[in-house]
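*Asks:* Structure of the sequence below:
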Amino acid sequence: MEQTWAIKGCYANWRLTVTATPPEEPEEEHAPDCDFQGIADYFSEVVNRYELGRDMDRLGSGQGWRLM
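*Replies:* This next block holds a predicted model:
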């Protein structure tokens, strides 16, 4: 199973692809379905915070602001 998310940001176009493959020696006959929603939410949050940090650095340069 593979899923890709893309976000168009101010500083970059972001893309994350996650692939889940069955183990070489499965312990179960049927592997459970993958739920990637948590990964998608985390990816979105990371991108938003990174771009917000860039904005804060740009707006606050020379004023002592520094997030990263």
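*Asks:* which ones are touching Phe43?
*Replies:* Contact partners of Phe43, counting by C-beta atoms under 8 Å, 6 or more residues apart in numbering, are 5, 7, 14, 16. For the C-beta atoms, the positions are set from N, CA and C on the backbone; glycine is no exception.
*Asks:* try 10 Å
*Replies:* Contacts were defined as C-beta atoms under 10 Å, 6 or more residues apart in numbering; by that measure Phe43 touches 5-7, 14-16, 18, 36.
*Asks:* now swap in Asp33 and tell me
*Replies:* 1, 20.
*Asks:* hang on, it is in a helix, isn't it?
*Replies:* No - assessed with DSSP: H, G, I helix; E, B strand; the rest coil, Asp33 is coil; it does not lie in a helix.
*Asks:* Now do Ala40: how many residues are near it, please.
*Replies:* Ala40 has 15 neighbours, counted by other C-beta atoms under 10 Å.
*Asks:* again but with Leu52, I slipped
*Replies:* 12.
*Asks:* do Ala20 as well
*Replies:* Neighbours of Ala20 using other C-beta under 10 Å come to 11.
*Asks:* circling back to that earlier point, just the buried residues of the contacts of Phe43.
*Replies:* 5, 14, 16, 36 (16 or more other C-beta atoms under 10 Å).
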